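Colleague: next input, structure requested:
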Amino acid sequence: MTKKLHAKVDHGVDGLIRVLSTLRRREFDVVGVEMEEHEGALWITLDAPDQTTDRALDHVRKLYGVHDVRWVR
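Modeller: The predicted structure follows:
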């Protein structure tokens with residue numbers, strides 16, 4: 001099942017790399033990425049079972065410079 005995660009990051013592309021590196025290390029399957037650099041908004045689409053998607057949200061919330069992490073429809 002695919003789910004879309006929304007987050008706001010500080011430091012533009014550096015924040016994007018931080019989030020994607022964390023998800024990759026945790027072995028989540030990232031299938032899509034969108035970013036609005038001037039607002040620092042990220043939308044990341046994950047393909048993962050429902051049981052593990054909440055873990056992804058928790059990992060991203062712990063990162064420095066990442067705010068307003070939530071799932072979107």
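
Colleague: could you list every residue that touches Lys8?
Modeller: Glu39, Gly40, Ala41, Leu42, Val66, His67, Asp68 (Cβ atoms under 8 Å, 6 or more residues apart in numbering). For glycine as for every other residue, the C-beta is placed from the backbone atoms N, C-alpha and C.

Colleague: run the last query once more with 10 Å
Modeller: Going by Cβ atoms under 10 Å, 6 or more residues apart in numbering, Lys8 touches Gly15, Glu36, Glu39, Gly40, Ala41, Leu42, Gly65, Val66, His67, Asp68, Val69.

Colleague: quick check, Met1 in contact with Asp50.
Modeller: Yes. Because the distance of 6.2 Å satisfies Cβ atoms under 10 Å, Met1 is recorded as touching Asp50.

Colleague: out of the contacts of Lys8, which sit inside strands?
Modeller: In strands, judged by DSSP state E, the following of the contacts of Lys8 are found: Glu36, Ala41, Leu42, Val66, His67, Asp68, Val69.

Colleague: report pLDDT for the first one.
Modeller: In this model, Glu36 is scored at 91, pLDDT.

Colleague: identify the bridge partners of it.
Modeller: Ala41 (DSSP bridges).

Colleague: go ahead and confirm it touches Ala7.
Modeller: No. Under the criterion of Cβ under 10 Å, Glu36 makes no contact with Ala7, lying 11.6 Å away.

Colleague: could you tell me which residues touch both of the two?
Modeller: Leu42, Trp43.

Colleague: contacts only, for the nearest residue to Leu63 once chain neighbours are set aside.
Modeller: Nearest residue to Leu63, sequence neighbours excluded (Cβ to Cβ, 6 or more residues apart in numbering): Arg18, at 5.7 Å. In this structure, Arg18 makes contact with Val9, Asp10, His11, Val60, Leu63, Tyr64, Gly65, Val66, judged by Cβ under 10 Å, 6+ apart.

Colleague: what about the second one, how many neighbours?
Modeller: What it means is Asp10. 12 (other Cβ atoms under 10 Å).

Colleague: distance check, it against Val30.
Modeller: 20 Å (Cβ to Cβ, to the nearest Å).
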